[in-house]
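**Student:** Mind folding the following:
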Amino acid sequence: MLDVCLLGCGGMMPLPNRWLTALLIRYNGKIIMIDCGEGTQIPMKLTGWGFKSVNTMCVTHLHADHISGLPGFLLTLGNSGKDDVLKIYGPPDMQRIYNGLTVICPELPYNVVISELPHNEVSSFEAEGLRIKSVPVDHTTNCLAYVIELDRLGKFDIERAKAQNIPMKYWKILQNGEPVKDKENEYTPEMVLGPPRKGIKLAYCTDTRPVDSIIDLIRDADLFICEGNYGDDEKLGKAIEKKHMLFSEAANMAREANVKELILTHFSPALDNPTEYLEKTRGIFNNTYVGKNMLKRKLVFDG
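**Tutor:** Now for the predicted structure:
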């Protein structure tokens with residue numbers, strides 16, 4: 001099970017009723033954050049999830065509305081009692097930008113490790129028991145989309161366990177995918193587990209034009225959170241110029257990739273009422289929702 005919270009849904013600058021886009025993913029009490037724009041600390045505080053549990057941060061790109069909240073957020077983590085490692089993943093030049101931002105918070109009571117991800121190929125890593133993929137997208141600067149996946153092991157076969165005389169005290173260990181060895185025998189999960197089952201897949205994409213690599217990345221996702229900078233299709237020229245997306249373009253990608261649910265986010269400050277375009281967008285992909293501050297979803301395994 002994954003808990004997901006869209007802290008805000010704004011682009012460019014925070015507004016009185018719209019925080020900048022940032023996302024939290026909570027699994028087993030640990031939190032992964034994607035992006036940290038100005039003011040992110042405030043909605044983060046409102047979640048009640050706590051700051052100390054943030055051990056991993058993924059940055060889509062290095063424009064201010066996605067990264068300028070970092071110094072204050074780092075200080076708040078320190079004040080919360082964090083004393084272990086914070087890992088930050090981002091596009092090329094992440095280390096240089098981090099060094100510049102943290103001039104105003106040079107002393108932190110924990111270590112920060114920066115990893116720069118490639119801007120021209122898909123990359124994979126693991127964090128907090130989850131599998132994360134990054135894929136380059138098409139913005140005015142190096143920008144990444146992310147997919148977070150929670151794998152699910154195969155079903156435990158009691159009859160196979162009994163037939164192989166595997167002691168019952170080892171069943172739970174094997175069911176969790178771990179091998180076990182006693183004085184006489186070694187048992188492996190493959191001995192008692194069926195084929196892997198469908199897990200949970202969350203995709204997050206912002207600041208880009210539609211590209212085929214995104215569709216490949218998000219295919220069959222349980223939840224696709226995607227920018228909809230402009231709701232009006234007449235803004236296509238501006239979307240192309242600024243390398244952003246229309247609501248309709250995000251919906252077309254969701255439909256083609258067969259995702260379960262689309263949440264639009266990262267709205268232009270000029271877009272006062274995103275819901276005005278929701279009905280038309282649902283004509284393309286029915287299970288579409290407009291993002292809002294503190295919007296939450298709980299993603300669970302099927303069956």
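**Student:** Where do the strands of the stretch 151-300 of the chain begin and end?
**Tutor:** Taking DSSP state E, counting those that start in this stretch as the test, the strands found in the stretch 151-300 of the chain are 180-181, 186-187, 197-205, 223-227, 262-265, 288-290, 295-299.
**Student:** And the strands in the stretch 1-150 of the chain, which stretches?
**Tutor:** With DSSP E, counting those that start in this stretch as the definition, the stretch 1-150 of the chain shows strands at residue ranges 2-8, 22-27, 30-34, 54-58, 86-90, 112-116, 123-127, 130-136, 144-152.
**Student:** Format the CA atom coordinates belonging to stretch 263-281 as CSV.
**Tutor:** The C-alpha trace of stretch 263-281 is given here as CSV (Å, rounded to 0.1, in the frame of the first residue of the first chain):
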residue,chain,number,x,y,z
ILE,A,263,-4.7,13.7,-11.8
LEU,A,264,-3.8,17.0,-13.4
THR,A,265,-1.4,19.4,-11.7
HIS,A,266,1.1,22.3,-12.2
PHE,A,267,-1.5,24.8,-13.4
SER,A,268,-0.5,28.1,-14.9
PRO,A,269,-1.1,31.1,-12.5
ALA,A,270,-3.4,32.5,-15.2
LEU,A,271,-5.6,29.4,-15.0
ASP,A,272,-8.0,30.5,-12.3
ASN,A,273,-10.5,27.7,-12.6
PRO,A,274,-9.1,24.4,-13.9
THR,A,275,-12.4,22.6,-13.3
GLU,A,276,-13.8,24.6,-16.2
TYR,A,277,-12.0,22.3,-18.6
LEU,A,278,-12.6,19.1,-16.7
GLU,A,279,-15.7,17.9,-18.6
LYS,A,280,-14.1,18.2,-22.0
THR,A,281,-11.0,16.5,-20.7
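**Student:** What is the distance between it and the centre of its chain?
**Tutor:** Centroid separation for stretch 263-281 versus its chain: 21 Å, with CA atoms, centre = their mean, to the nearest Å.
**Student:** How about residues contacting it?
**Tutor:** The contact list for stretch 263-281 (CB atoms under 8 Å, 6 or more residues apart in numbering) reads 6, 9-13, 15, 18, 21, 206-207, 223-232, 244, 247-248, 250-251, 288-291, 295, 297. Bear in mind the C-beta positions are built from the backbone N, C-alpha and C, glycine included.
**Student:** Stretch 235-242: how far from the chain's middle?
**Tutor:** Here stretch 235-242 is found 26 Å from its chain centre; the criterion is CA atoms, centre = their mean.
**Student:** I'd like the strands of the stretch 1-150 of the chain as TSV, with distance to residue 183 appended.
**Tutor:** As requested, those are exported to TSV (distance: least, CB to CB, whole Å):
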stretch	distance to residue 183
strand 2-8	40
strand 22-27	36
strand 30-34	36
strand 54-58	38
strand 86-90	39
strand 112-116	41
strand 123-127	33
strand 130-136	35
strand 144-152	32
